[in-house]
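1. Here's a sequence, model it:
(chains A, B and C)
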Amino acid sequence: MAPLITLLTDFGYQDGYVGVMKGVILSICSDVRLVDLSHAIPSQHIAAARFTLLNAYAYFPKETIHVVVVDPGVGTARRAIALQTPYGYLIGPDNGVLSGVTDQVGILKAVSLTQSAYWRVPEPSRTFHGRDIFAPVAAHLAMGVSLSDLGEAIDPISVTRIDVPQPRKTENAIVGHVQHIDGFGNLITTIPERMAQHQHGGSRVMVGAVDMPFGLTYGDVEIGHAIALIGSHGWVEIAVNGSSAQARLRLAIGDEIQLCLSP
Amino acid sequence: MAPLITLLTDFGYQDGYVGVMKGVILSICSDVRLVDLSHAIPSQHIAAARFTLLNAYAYFPKETIHVVVVDPGVGTARRAIALQTPYGYLIGPDNGVLSGVTDQVGILKAVSLTQSAYWRVPEPSRTFHGRDIFAPVAAHLAMGVSLSDLGEAIDPISVTRIDVPQPRKTENAIVGHVQHIDGFGNLITTIPERMAQHQHGGSRVMVGAVDMPFGLTYGDVEIGHAIALIGSHGWVEIAVNGSSAQARLRLAIGDEIQLCLSP
Amino acid sequence: MAPLITLLTDFGYQDGYVGVMKGVILSICSDVRLVDLSHAIPSQHIAAARFTLLNAYAYFPKETIHVVVVDPGVGTARRAIALQTPYGYLIGPDNGVLSGVTDQVGILKAVSLTQSAYWRVPEPSRTFHGRDIFAPVAAHLAMGVSLSDLGEAIDPISVTRIDVPQPRKTENAIVGHVQHIDGFGNLITTIPERMAQHQHGGSRVMVGAVDMPFGLTYGDVEIGHAIALIGSHGWVEIAVNGSSAQARLRLAIGDEIQLCLSP
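-> Okay, here's the model as predicted:
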């Protein structure tokens, strides 16, 4: 079976940067299958990239190599790393973008990408490690090079994490926060399905002064009305039927939401 | 020959939703070739998706599987369907998105996707059937599962259609409407090439108070001037050379246009 | 090894135009690998397409076929051409889009695409040569048809070029111009690495009344501050750390910049 590499960047679609990474990969590993996760992560938005990878990795075959290049620190002292997990390989800068996945599934092995023999050139660009380090390393991994050959082993504990505030349960409610806003303007909260799944039927969700039903699907409310539901990501999500919840409710990442428990 | 699946959605490019569908497909059918038709269909715009598929399907090999996920009714009672046509397979919600193609080529066989054995999980998300039903069903079809195994046969007549107003011929003109506006701002009308093809040379096209020549290509008029021509889709199209006809002429979908017959 | 075709257009992502080109290619050559360089070249912006191809081609395998469809003159008398270079094949309109590459590596053989047997249909659309000429010709080339069979040989000297102003050296400075602005708002100048590489450490770059250090990477200055550096494209580039240099410095393509030599 041909190896599979996914790419997730903030490079956008206007420039040829992503195409160049694919050219580098295909020059090394000609039969690889390439899948774009997204290249429209808001510029340098590590948390958005972390969230996107976290919500995608589990749907891919377990040998998949996921490459993330959202890298505000490119060219500085931040490490470039590759991680082996029970769900495949993760490659990217050591700035927390990979930590959504590793917080869920753990790290089997971690290396710092110090072995320049697997880079595109011994003196990589200071501003485009995607092309000169991450892409060629992913391609060599796809060709069968072992993780330990790619650089020095590092302690998995030392890999940078991003802390996301955990939801908490009060007497009458589960209190969480908006952790992500998707391209439809849906607000994904930090409250996981398992905390909320017995609350359907009568529960309300409050966001500031607005409250809304906790339903099953967008169509449970009329067009233009707000609803909370278990979104496809597996978290409580706030939506407005036929519209953008972000635009209607004027919420931002970090804002608090309360899922009021049914009496 | 490896099977071919195309994807057409309104998911946009910011989130990982399309990548996730590809992961699900590749987990089931590892050697499939995947082609994106577009993921920038305006949100929930069934007519735009219908038009885009209608203008693309004929250029693909006849065994191609086209998956469309523009699905405002996701999670409600609307059916999920798969259709066999003389030009391949169509998979999507039963809301009219597939009917542009089927109005042209007919339906050989139709099923409602009720067989959960071919879904990703027996209890699909209420909001992301693209991932949990349409993608895995397409992949199983690509693997050789027969259409009738995917669910209950349904009457092709029962498949939802979208009526597009037909152009009519008056004594002096062909009267049609704007049916689509593309990303360049070109206005595609409902007048097909076969009604208009003998009208070149002297004919004029009128839109409200504006009239313009009926020519052959954008360069037949000066930069900034309006022209009507047979567009690449095979319909009379209104363009402004070097600019957006939509912005210049302030027209919208549904507006009437007249192709005045040469005397 | 499966042949490799890249696509570079100004078709955008909203319409199905790119998907249609891929359908045409896969109908002729089913095992080709397809890579998108970009489809968000600003509409009809030949210089931006030229720059994007110029900065991508060298990262692909040498047999790659690059197809460029940024073609304001489609349907007029401009030629459609295919070029063989030491770095693979280039296919597109003869309007200068291919000349960035050929100015660097030369042309081994050039043909005008006059042999309609390799077009999709003998009477191509006047407005979509990407679908009817460039895509099928690329696919036939990928299938092994020889360049000379695709049409009449033409003199390489006759292929249209775009002149880019060359940087010049004065007593105290290297004077160049902004030649491209990427999606991050970085300003890429016409000053190549080889002219600037010994100027690090003390050199300043001046743009109008603004001056900034000549450094190594974005992080060499604080967030919000301007810096000049050797960009990944191999030219002196002007950036603002964490922001858009275009928005902050209000520069446009063609604006002059000076790299002041260290004393």
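2. Quick check: closest non-adjacent residue to A:Thr85.
-> Closest residue to A:Thr85 apart from its sequence neighbours, by C-beta to C-beta, 6 or more residues apart in numbering or on different chains: A:Val105 at 5.0 Å. In short, each C-beta sits where N, CA and C put it, glycine included.
3. Now do the contacts for the one you found.
-> For A:Val105, the contact set (C-beta atoms under 8 Å, 6 or more residues apart in numbering or on different chains) comprises A:Thr85, A:Pro86, A:Tyr87.
4. Give me the phi and psi angles of it.
-> Torsion angles at A:Val105 (phi, psi; degrees, to the nearest 10) stand at phi -120, psi -10.
5. what does A:Asn55 give?
-> Torsion angles, degrees, to the nearest 10, at A:Asn55: phi -90, psi 0.
6. thought it was touching B:Gly16?
-> Yes - with contact defined as C-beta atoms under 8 Å, A:Asn55 reaches B:Gly16; the gap is 6.0 Å.
7. ok, back up a step: out of the contacts of A:Val105, which comes closest to B:Val20?
-> Nearest to B:Val20 out of the contacts of A:Val105 is A:Tyr87 (C-beta to C-beta; 13.8 Å).
8. Thought A:Lys62 was touching the closest one, still the case?
-> Yes - applying C-beta under 8 Å as the test, A:Tyr87 and A:Lys62 come out as touching, 5.6 Å apart.
9. Tell me which of these two has more neighbours.
-> A:Tyr87 (19 against 12; other C-beta atoms under 10 Å in any protein chain shown).
10. Tell me where the longest helix sits in chain A.
-> helix A:17-28 (DSSP state H).
11. Looking at the record's assignment, how would you partition chain A?
-> Listed by automatic domain parsing, the domain ranges of chain A are A:4-158, A:168-262.
12. re earlier: and the longest helix of chain A, what does it pack against?
-> strand A:4-9, strand A:33-38, helix A:135-142, strand C:4-9, strand C:33-38 (3 or more C-beta pairs under 8 Å, 6 or more residues apart in numbering or on different chains; DSSP states H and E).
13. quick one: it to helix A:135-142, angle?
-> Angle between the axes of helix A:17-28 and helix A:135-142 is 40 degrees (criterion: axes from the mean of the first three to the mean of the last three C-alpha atoms, to 10 degrees).
14. any idea how far helix A:17-28 is from the chain center?
-> Distance of helix A:17-28 from the chain centroid (C-alpha atoms, centre = their mean, to the nearest Å) equals 22 Å.
15. Stretch A:132-148 now?
-> 21 Å.
16. Quick one: mean pLDDT over stretch A:30-43.
-> In this model, stretch A:30-43 carries a mean pLDDT of 95.
17. buried sites along that stretch?
-> A:Val32, A:Arg33, A:Leu34, A:Val35, A:Asp36, A:Leu37, A:Ser38, A:His39, A:Ala40, A:Ile41, A:Ser43 (16 or more other C-beta atoms under 10 Å in any protein chain shown).
18. so which of the residues you listed are also by chain B?
-> When contact is defined as C-beta under 8 Å from any C-beta of the partner chain, the buried residues of stretch A:30-43 meet chain B at A:Arg33, A:Val35, A:Asp36, A:Leu37, A:Ser38, A:His39, A:Ala40, A:Ile41.
19. Dump the residues you listed into JSON lines; add distance to A:Leu98 as well.
-> JSON lines is the format used below for those (distance: C-beta to C-beta, whole Å):
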{"residue": "A:Arg33", "distance to A:Leu98": "21"}
{"residue": "A:Val35", "distance to A:Leu98": "17"}
{"residue": "A:Asp36", "distance to A:Leu98": "18"}
{"residue": "A:Leu37", "distance to A:Leu98": "13"}
{"residue": "A:Ser38", "distance to A:Leu98": "15"}
{"residue": "A:His39", "distance to A:Leu98": "17"}
{"residue": "A:Ala40", "distance to A:Leu98": "19"}
{"residue": "A:Ile41", "distance to A:Leu98": "14"}
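20. So the residue nearest to A:Thr85 versus chain B, what's the distance?
-> To chain B, A:Val105 is 15 Å away according to C-beta to the nearest C-beta, to the nearest Å.
21. What does the pLDDT read for that residue?
-> So, for A:Val105, pLDDT stands at 97.
22. Can you show me the CA trace of the least confident helix or strand in chain A by mean pLDDT as PDB?
-> None of the helices or strands of chain A scores lower by mean pLDDT, DSSP states H and E than strand A:204-207, at a mean of 86. Taking Å, rounded to 0.1, in the frame of the first residue of the first chain, the C-alpha atoms of strand A:204-207 are listed here in PDB:
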ATOM      1  CA  ARG A 204     -30.600  24.900  28.100                       C
ATOM      2  CA  VAL A 205     -27.200  26.400  27.200                       C
ATOM      3  CA  MET A 206     -26.400  29.900  28.300                       C
ATOM      4  CA  VAL A 207     -23.800  32.200  26.800                       C
END
